[in-house]
Structure formats: C-alpha cells, structure tokens
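Peer 1: sequence and predicted model, in that order:
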Amino acid sequence: MNKFQSRLLFAIIFLIIIVFLCMGFMLGQFISSLITNSAEHGTSVEKTVQQVWIALIVCLGIALVIILSLIVRITTTYTKPIDAATKAVKELAKGDYRARTYEDHISAAGLLGQSINIVARNIEEMTKSYEMQHDRLHTLIENMGSGLLFIDSKGYISIFNRTINEIFKIDQDDLMGQLYYEAFTHKEIVTLIEEIFMTERKLRRQIHLTIGSEQKDFEVYATPILGANVEWKGVVLVFHDISDLKRLEQMRKDFVANVSHELRTPITSIKGFAETLLDGAMNDREVLDEFLTIILHESHRLQVLIQDLLDLSKIENKGFSLNLSRVNVRELLENSLRMLRSKAEEKEIQLELTVDDLTTVIEGDMDRLKQVFINVINNSLSYSPNKAKVAIKATNLSDDVEIQIIDTGIGIEEKELSRIFERFYRVDKARSRNSGGTGLGLAIVKHIIEAHGGAVQITSKVGEGTTVTIRLKKEISSSKIE
C-alpha cells in the first residue's frame, strides 16, 4: 500500500467515525427525548425500548447509506482514476506507448491522468520519430556501396553493414561481437585499427589486400568516436573499393607506355636507316633499295598504328555514329575474305565460308563491320600454322545473326581471355609485333560490335585453336546507336 492509499483509508475511517459520532449524538438526543415523553405520558418501558431499537436501526441504516455513498464517491473520484493511471504507467514502462488513462479537468486524479496521457503521447511521438530515423539510418548503412565497420572502445565489433560481409566474405555470426583482431586476419587492417586506438586521430589510407584468390585495393577512412567529456566510444572505418580505379589507372599507364614504345620503334628504325643512307650508304644501289624498303615498311606500320589510334578514339567518342544500311551477310563476309585471300595463300591456309540459307541481311554499318571481320580473320590467319584451316560460319537466330570464326591455331590461355580486348594487350608480344599487329584490333572490334548492339565472345584452348563468336542484331534500336 502506497502513501496515497494509506492517507485515503485514514480519511475514510475518520469520516466514518465522524458520521457515527454524529449519529450517536442524534440518537442520544432522540432516546433522551423519548424517555422524557414516556415518563410524562406513562408509556411502558418495553414500548420505549422497542422505539429505541427502531430508532437505532434507522440511524444505523442512514449511517450505512451515508458511508457507502462516501466510499463510492471517494472510489469514483480518486481510487479508480489512480488505479487506471498506475496501470497506464506500467504499460508505458513495458514499452506500450499507446496506453492511455482516464482524465478530466476537475479532480486532482483527473489532472494526473491528463499529465500521464500527455507524457505518453510525447513518448509515442518520440518513439515513432526514433524508429523512423533508425530505419532510415539502417537502410542507408546497409545499402551504401562502401563497407562500414564500428568497433567499440573495448575492441569488439558492434556495427557493420552487408557490404563488409560481401567484401571480406565473412558470415554475420563471425563478425558480431568478435574482437577485431580475431575477426580479421589481414595485418594491414589490424595495424590500422591499432594506430587509431593509440593516436585517436583520423586516418585516410590506401591498402592492398588479398581476399581469397582476388587482389583488392581499398581506400580506408578511419576516425575515432568521442562522446561527451571526450569519452572514448570506439572507431568507425569505411572501406571504399578502388580496385576498378586502380585497374583503370594501370591501364592508362600501360596505354601511354605502349603508345610510346610502339611509336618509338618505327621512328627509331626510320631515323637510323635514314642517317645511314645520308652517311654514304645511299651510293650502294642494293643497300639503298633495302633500306628504303625497310623505311617504307616502318612508315606503313607507323601509319597503321596512328590510324588505329584515331579509329579507337573516334569510336569511343560519344559523337561516334554508324552509317546504317541493309547489309547482306554473305556479301559482307565474302568481301572481307577477298581482302585476306593472298595472306591465306601465302601460308597455304584453307578459308571455309558457310552461311545459313536463312541468313540474309542485317542492319549495320557495312564499312565498320567489314573492318571487324578483317581484323578477326586476320588474327586467325596470323596465329594459325601453315596448311591449317580457318572456318567462318554464319547462323540465323530469332533476332540475331551469329557469326563464328574458328581456327586451329596456337590458342589462348584461360587467364589471358579476360584481358584480350584491352588496348595493346598481346598474348604473344614478340609474335604480334613481327606480324605487324598494333594490339588495338580487338579493342576496336569490341567497340564496333557493341555500337551495333551486339556482343563478341572468345573461347580458346591452348594448342587446339580459338573461336570468336559475334552476334549482331537484325534490327538495331535507336537507343543502341551512339
């Protein structure tokens, strides 16, 4: 029983005593009056006692009615509202912020209920706002492209997002509540976290990690979390995957280095032979013819390289457009083979063309597609041994035409296939240069085919040969032409 209930019980008892005292006093006065009247009129004692009992019962009944009325009144006014308020407060304590109690603007208990309801509504609104903010923050953290990791002041992992699991290929149960140096085996990450704990300063660092069989580069933002009164809360780390940026940067460096090398080689040859001729070698007719032939060959090589660079730059430019027309597939392939017939005869390579009878015409740029097939077939001829066979097959599909160039050449290792369309990338560098290749042909092929809305794929086995599969749309939508 609380203090309020004790006081209320005391007040009720006090009122009952007052009522009984009042009724007793009134009953005493009545009995005294009754006895006096009996004495004066000679009424018998039995009758007087009977009247006293009747008066006593009536008084007790009246007193009981009054007491019951007081109890009901007090209960209605104070006890029930307080019980309702107590129940509402208990529900609020349990987390049910929709709980409400009785309220009015007259009694103190009603005002108490009103105050409790105001508090409950405020808490409910704050809870809804908190839940909304929590959901937004959770969605943001879970769907951000970078990995987020929070480590508390004791070194335990308490918050992380889905990207962290995907990056490090670690299950959620293996991270939550684990010490950071037990969850991560990478020395670079452990060293970085320890440095934050020791220095309590922000860090931004690039790290290279081996995750499974993959090499990954990350830019890591790490910062200490300090609360009120500079209280240490923990460390937040954000892992931003920059592997693609690093790869593109390396490709750019390789491209510049390769262009410099490819340009330097023919220019050095031209310059050297020209200087030799000027030093007197030109007087020897045989030497003059030989050197001029070499200079012409190197000039042609230089011209081809520059033309390929210009073509690739033009194709990659957003302003590049196709000169579309109806292209007969058989005619396209026959024209391409005609340009390479002499090279095939030199190596005694058999060229075999098979065109499906249902394959008729496609929509495309005749000149660009011819450039594609000359490049691809020329590669097959270059990397096939003498007296080999190169087959070209065109097959009609529902919406596409599939063209395969199949050779029985040296083949390509599987690890090389992913880079085969990179600029200046060569599987056999020495042989490619000797054959006059610039290393840009397949890069140009890929861009032209994609500009037509098609796809190109290469499959190969070392020692068995290579198959280049090209799919071209019969009809090109305007969204594909850029």
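Peer 2: Yes, it's here. Numbers count the residues shown, from 1 in each chain.
Peer 1: the helix or strand hosting E450 - contacts with which helices or strands?
Peer 2: Applying DSSP states H and E as the criterion places E450 in helix 441-451. With contacts taken as 3 or more Cβ pairs under 8 Å, 6 or more residues apart in numbering; DSSP states H and E, helix 441-451 sits against helix 285-316, helix 366-382, strand 455-461. Heads up, the C-betas are built off the backbone N, CA and C, glycines and all.
Peer 1: out of those, deepest packed?
Peer 2: Ranked by average neighbour count under the criterion mean count of other Cβ atoms under 10 Å, those are headed by helix 366-382 at a mean of 21.
Peer 1: surely A394 meets N328?
Peer 2: No: A394 is beyond contact range of N328, at 10.8 Å (criterion: Cβ atoms under 8 Å).
Peer 1: between the two, which one's more packed in?
Peer 2: A394 (21 against 15; other Cβ atoms under 10 Å).
Peer 1: now do that one, the pLDDT please.
Peer 2: You'll see A394 listed with a pLDDT of 91.
Peer 1: in the sheet, who's paired with it?
Peer 2: A394 has these beta-bridge partners by DSSP bridges: V355, I403.
Peer 1: which residues does it contact?
Peer 2: V329, R330, L333, T354, V355, D356, T359, V401, E402, I403 (Cβ atoms under 8 Å, 6 or more residues apart in numbering).
Peer 1: report the separation between the second one and T360.
Peer 2: To tie it back to what came earlier, the one meant is R330. The gap separating R330 from T360 is 8 Å, by Cβ to Cβ, to the nearest Å.
Peer 1: ranked by average pLDDT, which of the helices and strands packed on helix 441-451 falls at the bottom?
Peer 2: helix 285-316 (a mean of 79).
Peer 1: and the angle for it with helix 366-382?
Peer 2: On the basis of axes from the mean of the first three to the mean of the last three Cα atoms, to 10 degrees, helix 285-316 is oriented at 130 degrees to helix 366-382.
Peer 1: for V190, which non-adjacent residue is spatially closest?
Peer 2: Spatial nearest neighbour of V190, chain neighbours left out: Y181 (5.0 Å); criterion: Cβ to Cβ, 6 or more residues apart in numbering.
Peer 1: from what I see, the one you found and I151 are in contact.
Peer 2: No: applying Cβ under 8 Å, one finds Y181 not in contact with I151, separated by 10.1 Å.
Peer 1: what residues are shared contacts of the two?
Peer 2: Residues touching both Y181 and I151 (Cβ under 8 Å, 6+ apart): I193.
Peer 1: ok, those two, which is more surrounded?
Peer 2: The neighbour comparison of Y181 against I151 (other Cβ under 10 Å) goes to I151, with 25 against 14.
Peer 1: residue contacts, the more buried one?
Peer 2: Residues in contact with I151 (Cβ under 8 Å, 6+ apart) are I157, S158, Y180, I193, G234, V235, V236, L237.
Peer 1: what's the most distant pair in those residues?
Peer 2: S158 and I193 (13.6 Å; Cβ to Cβ).
Peer 1: comparing these two, which residue is more hemmed in?
Peer 2: Neighbours per residue (other Cβ under 10 Å) separate S158 from I193, with I193 holding more: 21 against 14.
Peer 1: is it true that the more buried one touches A222?
Peer 2: Yes: contact criterion Cβ under 8 Å: I193 and A222 qualify, at 7.3 Å.
Peer 1: name the residues contacting each of those two.
Peer 2: By Cβ under 8 Å, 6+ apart, the residues touching both I193 and A222 are V235, L237.
Peer 1: pLDDT score for G454?
Peer 2: As predicted, G454 sits at a pLDDT of 90.
Peer 1: check which helix or strand covers the nearest residue to it once chain neighbours are set aside.
Peer 2: Leaving aside its chain neighbours, G454 sits nearest to L472 (4.4 Å; criterion: Cβ to Cβ, 6+ apart). In the assignment (DSSP H and E), L472 maps to strand 465-473.
Peer 1: can you pull out the strands in the stretch 101-250 of the chain?
Peer 2: Secondary structure of the stretch 101-250 of the chain by DSSP state E, counting those that start in this stretch: the strands cover 147-152, 157-160, 203-211, 214-226, 232-241.
Peer 1: could you spell out the sheet neighbours of the fourth one, each with its direction?
Peer 2: Strands that pair with strand 214-226, judged by DSSP bridges, come out as strand 203-211 (antiparallel), strand 232-241 (antiparallel).
Peer 1: repeat that for the shortest one.
Peer 2: The sheet places strand 157-160 alongside strand 147-152 (antiparallel), with pairing taken from DSSP bridges.
Peer 1: what residues are shared contacts of R330 and T360?
Peer 2: Joint contacts of R330 and T360 (Cβ under 8 Å, 6+ apart) do not exist.
Peer 1: domain map for this structure?
Peer 2: Domain assignment of the chain by automatic domain parsing yields the ranges 3-122, 144-241, 246-316, 325-480.
Peer 1: quick one: which of those domains is nearest H138?
Peer 2: domain 144-241 (9.1 Å).
Peer 1: going along the chain, name the helices of this structure.
Peer 2: With DSSP state H as the criterion, the chain has helices at 3-41, 45-74, 80-94, 108-143, 162-168, 180-183, 187-199, 243-278, 285-316, 329-346, 366-382, 414-417, 429-434, 441-451.
Peer 1: any idea which of these scores lowest on pLDDT?
Peer 2: helix 429-434 (a mean of 47).
Peer 1: for the nearest residue to H447 once chain neighbours are set aside, give me its contacts.
Peer 2: Nearest residue to H447, sequence neighbours excluded (Cβ to Cβ, 6+ apart): I315, at 4.3 Å. By Cβ under 8 Å, 6+ apart, I315 lies in contact with I444, H447, I448, A451.
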